[in-house]
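1. sequence unknown, structure follows:
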């Protein structure tokens, strides 16, 4: 789910940037530093929407660098345990399948795929029901529920399930 | 005194264990503390086995929660082991379903966005990005594109404000922002589907029954139904 959140960060700036364009320099450095990063607490920082306040700079001893406390608003994307998401399947193998929802990767193990769906290997590996009516393969859209998350320095991995009511394939790319 | 309580507890724990996980009941031979902690853990297995039986991920945090509660229950109950057990069971029942706890997990200054709102904001930024991209030092991160694509493909509505207004009635009934966002993002077609997707809705309604009166539930049902019908309208336009 997306969030709008106010975050704070101390920006270190080289003295050569001081001058009329100080603010612009701080903001562009902030964008470079922050956008696209990921933290376990806040999730993926998708975009900065505005800079609320840039505090008074503090000169660091010895280096001449100046630290500015910056308060900024940004849009973050973070998955939650228990959240229902619609995701696009990116890879299928006999262990289960991977799906992507925005910047987040979700793995659905074959234990969490309904029992009546069997793995079929081939050039287009997929999970299919015995009557062939439902098929999960690459580019299928599935609705899944997140049951676990693991946070890395730069990525969030999720474990999902489609073994519940109202979960599973939404559309089948082959029928479109 | 305490030792006796612990011993009893160990016995109870052991019984539960054999039936659950068939771990040898060597518990009786152990001292008080380990017995206590084991019991805490056992309770956690218990929840898993009964309700979810799904994943170790969720068990980690839940496990901690359970053990602390278990201990609290013990000290409160004192020697009355049965009381302590009873308290624990009720706690366990509350923690059973895997529910969305957005509000607890996020800092206070965060605001949930529906996908359509996010798409709206991100599209606005994308226009600015086009200007900025003239500067080669600024790269548009991959997660921005992915996020935007995701928000765009999953936003069912074009008018976030109207959708927001629609959910006003629900939030007055105590439905949290997080729950509303999930409903708006998934856009369920029936009330049952909405309850299946956001199980915490049910719990809230149950609480309300205790606090107030039964009519509430049907009221929320009606509201939800109405909102979903309205949502469907927005979707088609």
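-> Happy to help now that I have it. Bear in mind the structure is a predicted one, so any value in this text is a computation, not a measurement. Numbers count the residues shown, from 1 in each chain, chains lettered A, B, ... in the order given.
2. Quick check: phi and psi on residue A:83?
-> The phi/psi pair for residue A:83 (degrees, to the nearest 10) reads phi -80, psi 150.
3. Do I have it right that it meets residue B:179?
-> No - Residue A:83 is beyond contact range of residue B:179, at 10.1 Å (criterion: CB atoms under 8 Å). Where you see a C-beta, it was placed from the backbone N, CA and C, and this is true even at glycine.
4. For those two, indicate the residue with more neighbours.
-> residue A:83 (28 against 25; other CB atoms under 10 Å in any protein chain shown).
5. pLDDT weak spots in chain B?
-> By pLDDT under 70, the low-scoring segments of chain B are B:1-98, B:132-138, B:203-220, B:235-237.
6. what residue of chain A is the furthest out?
-> Distance from the C-alpha centroid of chain A, by CA atoms, centre = their mean, peaks at residue A:62 (38.8 Å).
7. Provide the secondary structure category for that residue.
-> Secondary structure for residue A:62, judged by DSSP: H, G, I helix; E, B strand; the rest coil, is coil.
8. And it, what's its pLDDT?
-> The model reports residue A:62 with a pLDDT of 92.
9. what sits in contact with each of residue A:83 and residue B:179?
-> Common contact partners of residue A:83 and residue B:179 (CB atoms under 8 Å, 6 or more residues apart in numbering or on different chains): B:100, B:102.
10. Tell me how far residue B:173 lies from residue B:227.
-> With distances taken as CB to CB, to the nearest Å, residue B:173 is found 11 Å from residue B:227.
11. more crowded one of those two?
-> Of the pair residue B:173 and residue B:227, residue B:227 is the one with more neighbours under other CB under 10 Å, namely 22 against 15.
12. Would you work out how far apart the start and end of stretch A:58-78 are?
-> 33 Å (CA to CA, to the nearest Å).
13. That stretch and chain B, are they touching?
-> Yes - using CB under 8 Å from any CB of the partner chain, we find that stretch A:58-78 touches chain B at A:75, A:76, A:77, A:78.
14. in chain A, which ranges drop under the pLDDT threshold?
-> Checking chain A against pLDDT under 70 turns up A:172-176.
15. Let me see the ranges of the helices in it.
-> In chain A, the helices defined using DSSP state H lie at A:22-34.
16. Where do the domain boundaries of it fall?
-> A:2-77, A:84-175 (automatic domain parsing).
17. what would these look like in a markdown table with distance to residue B:130?
-> Formatted as a markdown table, the domains of chain A follow (distance: least, CB to CB, whole Å):
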| stretch | distance to residue B:130 |
| --- | --- |
| domain A:2-77 | 13 |
| domain A:84-175 | 21 |
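18. Of all those, which one is nearest residue B:156?
-> Among the domains of chain A, the nearest to residue B:156 by CB to CB is domain A:84-175 (10.4 Å).
19. Any residue of that closest one touching chain B?
-> Yes - contact between domain A:84-175 and chain B, assessed by CB under 8 Å from any CB, occurs at A:84-86, A:100-103, A:112, A:143, A:145, A:147-150, A:159, A:161, A:164-166.
20. What's the separation between the residue nearest to residue A:15 when sequence neighbours are not counted and residue A:12?
-> Nearest residue to residue A:15, sequence neighbours excluded (CB to CB, 6 or more residues apart in numbering or on different chains): residue A:64, at 5.2 Å. Separation of residue A:64 from residue A:12 (CB to CB) stands at 11 Å.
21. again, but for residue B:202
-> Applying CB to CB, the value for residue B:202 to residue A:12 is 50 Å.
22. With residue B:127 instead?
-> Distance from residue B:127 to residue A:12, by CB to CB: 30 Å.
23. Residue B:144 too?
-> For residue B:144, the distance to residue A:12 equals 24 Å [CB to CB].
24. who has more neighbours, these two?
-> The residue with more neighbours, out of residue B:144 and residue A:12, is residue B:144; 24 against 14, by other CB under 10 Å.
25. Out of the residues of stretch A:58-78 next to chain B, name the ones that lie in strands.
-> A:75, A:76, A:77 (DSSP state E).
26. count of neighbours near the first one?
-> Here the neighbour count serves as a burial measure; for residue A:75 (other CB under 10 Å) it reads 25.
27. same thing with residue B:127?
-> 8.
28. Count residues in the vicinity of residue A:42, would you?
-> Residue A:42: 18 neighbours (other CB under 10 Å).
29. same question, residue A:24
-> 10.
30. What of residue A:106?
-> 27.
31. beta partners of it?
-> For residue A:106, the beta-bridge partners under DSSP bridges are residue A:99, residue A:158.
32. Which residues are in contact with it?
-> A:79, A:85, A:87, A:98, A:99, A:100, A:144, A:146, A:157, A:158, A:159, A:160.
33. can you check residue A:96 too?
-> With CB under 8 Å, 6+ apart, residue A:96 has these contacts: A:107, A:108, A:109, A:110, A:111, A:112, A:113.
34. Most neighbours among the residues you listed, which one?
-> Greatest neighbour count in the contacts of residue A:96, by other CB under 10 Å, goes to residue A:108: 28 neighbours.
35. isn't it right up against residue A:162?
-> Yes - if you go by CB under 8 Å, residue A:108 and residue A:162 touch, sitting 6.0 Å apart.
36. Pull up the overlap in contacts between the two.
-> A:142, A:144.
37. The residue farthest from the centre of chain A and chain B: what is the separation?
-> Per CB to the nearest CB, to the nearest Å, residue A:62 is found 27 Å from chain B.
38. Also residue A:65?
-> 19 Å.
39. which ones are touching that residue?
-> A:12, A:13, A:14, A:15, A:59.
40. show me what contacts the first one?
-> Just to be clear, that refers to residue A:12. By CB under 8 Å, 6+ apart, residue A:12 lies in contact with A:60, A:65, A:66, A:67.
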